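Peer 1: predicted model and sequence follow; I will ask about them next.
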Amino acid sequence: MSPTLISSGQLSVDGLLCALVIAPQVYARNRFFELFEQPLLRRTRRRAALLRGIVRQLATPHGMRGEIIGQQVLADGRVLLRYVVPGLNFTRTTALTSLEAAIVRYLIARARNQPCDTDDYERIEQALAGLAAGLPRPMLERDPGPKDPG
């Protein structure tokens with residue numbers, strides 16, 4: 001990936017955000033060094049880490065699993081997400097873009113082996129389609145596999 005690729009608009013920052021949240025191991029630091037040095041991409045990486053933390057708090061196995069207690073779409077299109085982690089007596093409120101909220105909902109559904117919302121899935125697929133040629137693209141699962149009978 002070159003600076004001209006990013007400055008020419010060929011790289012979708014939204015697509016990169018989706019990829020960094022859904023499959024962060026795909027973008028190793030020594031293989032994609034540019035993602036770690038350009039300011040815009042550094043911010044995207046930090047935002048992806050924040051989203052992975054939210055998903056971890058909401059998708060942890062029972063006991064310490066958080067629960068979404070409110071979602072509100074703000075006038076600017078962002079989604080105000082409020083959740084609680086009862087085992088930690090912890091409540092958090094955060095404002096996410098609509099894409100970030102879709103990523104969080106998609107990953108929670110996947111972690112809980114539940115079907116994902118079609119609109120969220122399509123929004124993420126569209127963002128991933130904007131990744132520049134040559135960048136690895138994570139594959140999404142539309143529906144969970146068969147449930148484990150045990």
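Peer 2: Good, I have the coordinates. Computed from a predicted model, the values in this text were never measured in an experiment.
Peer 1: this protein: helices as residue ranges?
Peer 2: 3-7, 13-22, 39-59, 98-111, 118-129 (DSSP state H).
Peer 1: out of these, which is the most enclosed?
Peer 2: helix 13-22 (a mean of 23; mean count of other C-beta atoms under 10 Å). All C-beta atoms are positioned from the backbone trio N, CA, C, and that covers glycine.
Peer 1: which residues touch that one?
Peer 2: 26-27, 35, 40-41, 44-45, 47-48, 51-52, 55, 99-100, 103, 106-107, 124, 127-131, 135-138, 140 (C-beta atoms under 8 Å, 6 or more residues apart in numbering).
Peer 1: just put the helices of the chain in TSV and tack on distance to Ala75 and mean pLDDT.
Peer 2: What follows is the helices of the chain, written out as TSV (distance: least, C-beta to C-beta, whole Å; pLDDT from 0 to 100):
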stretch	distance to Ala75	mean pLDDT
helix 3-7	31	42
helix 13-22	21	91
helix 39-59	21	90
helix 98-111	13	94
helix 118-129	20	93
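Peer 1: between those, which one is nearest to Arg92?
Peer 2: helix 39-59 (7.6 Å; C-beta to C-beta).
Peer 1: can you say which of the helices of the chain is nearest to Tyr83?
Peer 2: Among the helices of the chain, helix 39-59 sits nearest to Tyr83 (C-beta to C-beta), with 6.1 Å.
Peer 1: give me the contacts around that closest one.
Peer 2: 6, 13, 16-17, 20-21, 24, 34-36, 65-68, 81, 83, 85, 90, 92, 94, 96, 100, 103-104, 107-108, 111-112.
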